[in-house]
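Trainee: Any chance you could fold what I've pasted below:
(one chain, ligands or ions: 1)
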Amino acid sequence: MRTARIAAIAIALLAQHALAEITVSEAWVRGTVPAQKATGVFMKLKSTEDAKLVSAASPAATIVEVHEMAMKGNVMEMRAVESIALPAGKTVELKPGGYHVMLIDVVKPLSKGATVPVTLTVVGKDGKRSTFEVKAEVRAPDGHGKH
Ligand SMILES: [Cu+2]
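Mentor: Predicted coordinates:
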């Protein structure tokens, strides 16, 4: 029910403000094992206009953050970022070792083959926000999901 309403709002906003159109492909989430509390969501995003991804939410986890992973010296570090830029017409990839959506305090283990809804909030260059839902397919855990 909540999902349907979010989708409807996103469509309404698009119609009113001619916002950037975002195409999402290959959305997936790394599966978790029972003791594991955090994992990442990855996808490819392409916007028709300059925009930025500012936040994410999902019923699969208590806390959802937009993260970046980068080498600092010779240590791989992860941090929350305010936004991820989506330059017009360019495909931005959220992938292991780079940007990702972080699911923290996963409600229950995510097993391979399941689908996780993730709601993304994007701000266009005019400052208008829009929200849309992505279905991320759960892939096999590989033990690298813990940060
Ligand atoms: Cu992370």
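
Trainee: so how far is residue 42 from the residue most central in space within the chain?
Mentor: Nearest to the mean C-alpha position of the chain, counting by C-alpha atoms, centre = their mean, stands residue 101 at 4.2 Å. As judged by C-beta to C-beta, to the nearest Å, residue 101 and residue 42 stand 8 Å apart. The way it works is simple: take the backbone N, C-alpha and C, and place the C-beta from them, glycine included.

Trainee: and what of residue 100?
Mentor: 6 Å.

Trainee: Please identify which of these two sits among more neighbours.
Mentor: residue 100 (25 against 19; other C-beta atoms under 10 Å).

Trainee: Just to check, that one is in contact with residue 40?
Mentor: Yes - counting by C-beta atoms under 8 Å, residue 40 is a contact partner of residue 100 at 4.0 Å.

Trainee: Now for the two: what residues contact both?
Mentor: Shared contacts of residue 100 and residue 40, defined by C-beta atoms under 8 Å, 6 or more residues apart in numbering, comprise residue 67.

Trainee: mind listing the helices for the protein?
Mentor: Assigned by DSSP state H, the chain shows helices spanning 2-17.

Trainee: Residue numbers of it in contact with the ion?
Mentor: For the chain, the residues in contact with the ion (C-beta under 5 Å from the ion) are 67, 78, 102.

Trainee: go again using 8 Å as the cut-off
Mentor: With C-beta under 8 Å from the ion as the criterion, the chain meets the ion at residues 38, 40, 65, 67, 69, 78, 80, 100, 102, 147.

Trainee: If anything else comes up later, I'll come back, but that's it for now.
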